[in-house]
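**Q** sequence below, structure please.
(chains A and B)
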There are 2 protein chains.
Amino acid sequence: MAALEFWFEFASTYSYPAAERIVPLAAARGVDLVWRPFLLGPIFAAQGWTDSPFNLYPAKGAYMWRDLERTCAARGIGWKMPSAFPRNGLTGARVALAAAQQPWIADFVRAVYRANFVEDREIGWEEVIAEILASVGQDADVWVERASAPENKSGLREQTSQAQERGIFGAPSFTVGDELFWGDDRLEAALLHASGGS
Amino acid sequence: MAALEFWFEFASTYSYPAAERIVPLAAARGVDLVWRPFLLGPIFAAQGWTDSPFNLYPAKGAYMWRDLERTCAARGIGWKMPSAFPRNGLTGARVALAAAQQPWIADFVRAVYRANFVEDREIGWEEVIAEILASVGQDADVWVERASAPENKSGLREQTSQAQERGIFGAPSFTVGDELFWGDDRLEAALLHASGGS
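**A** Alright, predicted model coming up:
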């Protein structure tokens, strides 16, 4: 039984429905989760993109918003078109990296995605991340300070480099050993692989 | 009950597994299929791409080949890495447009995809398309002539323009009225929508 590494970026639209369902699906297969926040910005920049491809390619973007709305409706999860996209996931990602092994990491990650894609809040603001930390029962000052420590900042840069080295080009991505799966709709296949199926 | 329009391009990798399963899945839901060959080249060109995005963005391309191999294995359908990509789907698409309402259209379409992605044959060559026509019991000379008639050539250009106007940016795509679904992994959702589900 291999662990499944969940590579997510808080700006990423399809990472939201994945974050909503990954914990129960992994538990049902007995697969351990490793939480791997990273940043898409440097990876997109390496491909020559200075914005989300959903903004750079309008037809693809228009489709994504409609598809995401349908997906959320079909799954019975909340959805509200964000008034800004993409939002800056940096502060959230730093907190998620610092707290990756905390028992409340899943709650925090889901709360950030809901803030972005259900509540239309500006997750790029440190005070919003602080409010989310408080909402999951944590001391916001402590975690914001840990998140902004130099070694944690460099740790996030390192994790983003690792993502790129492992062939990751979008989010959500899932890795099981060397095997890469991309997109919310590959979560089941990734979990099947992690649990020893094919 | 609405019809499902299947927009496909013979160069498109993920259109192959979709073509392999669309007929029985549509029949199971009682959904009528409309076969809509089109060309991705002009649509990609409008986005500034002069090659497949899988070639332009190597990380995405490497992932796609592995993901497609896994998908074919999981579904028990053939797969062989093509020695050339993307192949020119023009002649095949012209034949498919001319024959879109023939009872053998599904067999022809599947045979072209298998030639490309299982048999590693050069589907851009007219003689390969002629051999495929013969293999599905048709008079190749008759259909190659119909395919190359001026009104059929302009019909394919028109169909590609229609695809673009309908927001299509990749293949396979499925439309049900104004609703667009993109990718082999959205086929079930498209069929559910066509059969009156949500």
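
**Q** from now on I want contacts and neighbour counts done on CA atoms only, so please keep to that.
**A** Will do.

**Q** ok, how many other residues are close to the nearest residue to A:Arg29 once chain neighbours are set aside?
**A** Spatial nearest neighbour of A:Arg29, chain neighbours left out: A:Ser195 (6.4 Å); criterion: C-alpha to C-alpha, 6 or more residues apart in numbering or on different chains. Other residues within reach of A:Ser195, judged by other C-alpha atoms under 10 Å in any protein chain shown, total 19.

**Q** do the same with A:Arg110
**A** With other C-alpha under 10 Å as criterion, A:Arg110 counts 20.

**Q** same check on A:Phe169?
**A** If you count neighbours by other C-alpha under 10 Å, A:Phe169 ends up with 21.

**Q** could I get the buried residue list for the top helix by length along chain A?
**A** Ranked by residue count under DSSP state H, the longest helix found in chain A is helix A:58-75. Under the neighbour-count criterion of 16 or more other C-alpha atoms under 10 Å in any protein chain shown, helix A:58-75 has A:59-60, A:63-65, A:67-69, A:71 buried.

**Q** one more: stretch A:126-142?
**A** Residues of stretch A:126-142 classed as buried by neighbour count (16+ other C-alpha under 10 Å): A:128-130, A:132-133, A:140.

**Q** three-state assignment of A:Trp35?
**A** Here A:Trp35 is strand, with the state taken from DSSP: H, G, I helix; E, B strand; the rest coil.

**Q** so what's the nearest residue to it once chain neighbours are set aside bridging to?
**A** Take A:Trp35 and drop its neighbours on the chain: the residue closest to it by C-alpha to C-alpha, 6+ apart is A:Phe6, 5.3 Å away. When bridges are called by DSSP bridges, A:Phe6 pairs up with A:Trp35, A:Phe174.

**Q** about what we covered before: contact partners for the residue nearest to A:Arg29?
**A** Going by C-alpha atoms under 8 Å, 6 or more residues apart in numbering or on different chains, A:Ser195 touches A:1-2, A:29-31.

**Q** could you find the closest non-adjacent residue to A:Leu97?
**A** Closest residue to A:Leu97 apart from its sequence neighbours, by C-alpha to C-alpha, 6+ apart: A:Pro37 at 6.1 Å.

**Q** in contact with the one you found, which residues are there?
**A** Residues in contact with A:Pro37 (C-alpha under 8 Å, 6+ apart) are A:6-9, A:93-94, A:96-97, A:156, A:159.

**Q** and A:Glu158, helix, strand or coil?
**A** Classified using three-state DSSP, A:Glu158 is helix.

**Q** picking that back up, turn the buried residues of stretch A:126-142 into a markdown table, including distance to chain B.
**A** Below are these laid out as a markdown table (distance: C-alpha to the nearest C-alpha, whole Å):
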| residue | distance to chain B |
| --- | --- |
| A:Val128 | 33 |
| A:Ile129 | 32 |
| A:Ala130 | 35 |
| A:Ile132 | 33 |
| A:Leu133 | 35 |
| A:Ala140 | 37 |
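
**Q** just those: which are in strands?
**A** Using DSSP state E, no member of those sits in strands.

**Q** helices of chain A, residue ranges please.
**A** For chain A, helices defined by DSSP H occupy the ranges A:15-29, A:41-46, A:53-56, A:58-75, A:90-98, A:105-117, A:126-135, A:140-147, A:150-165, A:187-194.

**Q** re the thing from before, any idea how far A:Phe174 is from the residue nearest to A:Leu97?
**A** Remark: distance between A:Pro37 and A:Phe174 (C-alpha to C-alpha, to the nearest Å) = 11 Å.

**Q** and for A:Thr91?
**A** In terms of C-alpha to C-alpha, A:Thr91 sits 22 Å off from A:Phe174.

**Q** and A:Arg29, by the same measure?
**A** Plainly put, A:Arg29 is 15 Å away from A:Phe174 if you go by C-alpha to C-alpha.

**Q** comparing the two, which residue is more hemmed in?
**A** Using other C-alpha under 10 Å, the more surrounded residue of A:Arg29 and A:Phe174 is A:Phe174, with 27 against 15.

**Q** test my guess that that one contacts A:Asp185.
**A** No: with contact defined as C-alpha atoms under 8 Å, A:Phe174 does not reach A:Asp185; the gap is 10.9 Å.

**Q** what's near enough to touch the residue nearest to the spatial centre of chain A?
**A** The C-alpha lying nearest the average C-alpha coordinate of chain A belongs to A:Phe8 (C-alpha atoms, centre = their mean; 2.7 Å). Contact partners of A:Phe8, counting by C-alpha under 8 Å, 6+ apart, are A:15, A:35-38, A:171-173.
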